[in-house]
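> Here is the input, now give the coordinates:
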Amino acid sequence: PHPGSAPERPSADGVATADGVATAPADPGDGASPAPADPADGAAPEPAQPERFVTILYRTSPGTAGNVNPSEEQVRADDGAGLSGSTALPLRGYVSIGWYNGANQVSTDALLTRDEALAGANRNADGTLAATTFIARFARPSASLQLAEELVSSPANGRFFTEGEPVTFRATVTNTGNVTLSGVTFASDEAAFASVGPLAPGQSRTSEWTHVVTAADVQRDALVSTVSAHGEAPEYGLSAEAGPESATAQTGTLAAGDTYVLYGAYPADAGQVSRSVCIVESRTGAGLDAVIAEPRPGYVFEGWYEDDERVSTEATLAPETALAFLNRGRAAYSPTLFLAHFVPEEPQPVVPDEPDEPDTPVVPDKPEEPTTPDNPDTPDAPDTPDDPAHPDVPATPDDPDEPSVPAAPDTPDAPAAPDADDAPATAPSPDAPAAPTGP
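Residues are numbered from 1 along each chain as shown. Here you go, the predicted structure:
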């Protein structure tokens, strides 16, 4: 308080007053003390959760020769911000053989990329990143190859390849070492191959070649293909060999008087047939069997064809039907191909269900007749108001100047006369002289 001013005194509600006049507390809505904002209004959003970071470690496996760079990163758990990966640096005489998280290999290269690290890192239950340790492994350089060969074509008669028929083989080579082979070649007595290198560790390459069956192949009853592979890693002074590997194709000649009938599906992935070949007697066609065409989902069977002629619309091609369309030379039947044609299934229009019978409409009850008021044409007459010219005369009050006269008291009842026996002696009058007594 200023000098000369009245001292402040607390009021009943605890607010200081001056001159005994209490002042009301400030209204928060007046701007003196703003109320906290409602987060639902958007004025003050919920405070952001603190960002959470995890540690990603890059280490080398014990007992190996090499380093990594970087060796540690602090990464935001929500989105992986700050993660860049690491590079394995082998010492002289060693090579990197990949990055691992536990037993899982996450990279086969010396460079662990950000994407590989994100995909291979540990995760929490909510999908956020968890602390992870990636291990770089090193080893002495080694070169090795794995080779396989297979027969990839089938004989037209379903049993063996005949003279003049092509036979296709395929060789697959895989680098099973830990160094890149700059050049890998195949070698075979039946074919010449081009180099398929370079081939990195874990990678595979394939090569195919075709051989036409000769009379000599038929005489041997088989065609054997043998192949080998060779690769080099000049940077390390290493080389690798694989093979020889082989695959066998049966060859032969149909018995005199025999021919074959082939069956297939068109398109090949639209359906299937119950058998692919029949060996028949070339002069009579004996040996034919019924063959069934079956469409795959999304297709329907359209018909059996020989060349461009449709020979049957039945899914089962009967032997007598096929016999009528076998290719025939001057004196015998020759190889014939029947194809089962399939076409895409037409989508069926959706037939809507029959609508339900409509519910019987509810007939509302007949409304009640409105109550007719008594004599509605003649309304009740209002009460007659008092005549304003003759107001009610108020009661005359008692005269205030004249006091009220009290009522006379009630007259007391006269006492009853006593009995003669009970009557008291009459007392003499004080004024009468006493009677003389005798002598």
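> and P397, what pLDDT?
Note on P397: pLDDT of 54.
> change the start of the numbering to 764 and stick with it
Shifting the count to begin at 764 puts that one at P1160.
> which residues does the closest residue in space to V1036 that isn't next to it in sequence bridge with?
Nearest residue to V1036, sequence neighbours excluded (Cβ to Cβ, 6 or more residues apart in numbering): Y1026, at 4.8 Å. Bear in mind the C-beta positions are built from the backbone N, C-alpha and C, glycine included. Assessed by DSSP bridges, Y1026 has beta-bridge partners F1101.
> For A978, see how far away Y1026 is.
For Y1026, the distance to A978 equals 29 Å [Cβ to Cβ, to the nearest Å].
> do V1036 as well
To A978, V1036 is 32 Å away according to Cβ to Cβ.
> which one of these two has more residues nearby?
Of the pair V1036 and A978, V1036 is the one with more neighbours under other Cβ atoms under 10 Å, namely 19 against 11.
> Verify the stated contact: that one with A1053.
No - between V1036 and A1053 there is no contact under Cβ atoms under 8 Å: 10.9 Å.
> residue contacts, the nearest residue to T827 once chain neighbours are set aside?
Spatial nearest neighbour of T827, excluding adjacent residues (Cβ to Cβ, 6+ apart): F901 at 4.1 Å. Counting by Cβ atoms under 8 Å, 6 or more residues apart in numbering, F901 touches T823, S824, T827, A828, G829, A851, P853, L854, Y857, V858, S859, I860.
> Could you report the pLDDT at L846?
pLDDT, L846: 94.
> How about S1039?
pLDDT recorded at S1039 is 82.
> Please name the residues that touch it.
Contacts of S1039 (Cβ under 8 Å, 6+ apart): G921, L1025, Y1026, G1027.
> The third one and G1034 touch, don't they?
No - at 11.5 Å, Y1026 does not count as touching G1034 under the criterion of Cβ under 8 Å.
> Find residues that contact each of the two.
A1103.
> Show me the contact partners of stretch 918-932.
With Cβ under 8 Å, 6+ apart, stretch 918-932 has contacts from 912-916, 953, 971-978, 980-981, 984, 986, 988, 990, 1010, 1012-1017, 1023, 1025, 1039-1040, 1042, 1098.
> List only buried entries from the contacts of F901.
T823, T827, G829, A851, P853, Y857, V858, S859, I860 (16 or more other Cβ atoms under 10 Å).
> Return the distance of the third one relative to L944.
In this case it means G829. Relative to L944, G829 is positioned 22 Å away (Cβ to Cβ).
> ditto for the first one
Look at T823 and L944: by Cβ to Cβ, they are 26 Å apart.
> what do you get for the fifth one?
The spacing between P853 and L944, counted by Cβ to Cβ, is 18 Å.
> And the strands in the stretch 864-1013 of the chain?
Taking DSSP state E, counting those that start in this stretch as the test, the strands found in the stretch 864-1013 of the chain are 867-870, 874-875, 895-902, 908-914, 929-938, 946-951, 967-975, 985-996, 1001-1013.
> Adding mean pLDDT and distance to A1078, write these out as JSON lines.
What follows is those, written out as JSON lines (pLDDT from 0 to 100; distance: least, Cβ to Cβ, whole Å):
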{"stretch": "strand 867-870", "mean pLDDT": "94", "distance to A1078": "50"}
{"stretch": "strand 874-875", "mean pLDDT": "96", "distance to A1078": "57"}
{"stretch": "strand 895-902", "mean pLDDT": "95", "distance to A1078": "59"}
{"stretch": "strand 908-914", "mean pLDDT": "94", "distance to A1078": "32"}
{"stretch": "strand 929-938", "mean pLDDT": "93", "distance to A1078": "32"}
{"stretch": "strand 946-951", "mean pLDDT": "86", "distance to A1078": "44"}
{"stretch": "strand 967-975", "mean pLDDT": "90", "distance to A1078": "35"}
{"stretch": "strand 985-996", "mean pLDDT": "90", "distance to A1078": "37"}
{"stretch": "strand 1001-1013", "mean pLDDT": "91", "distance to A1078": "32"}
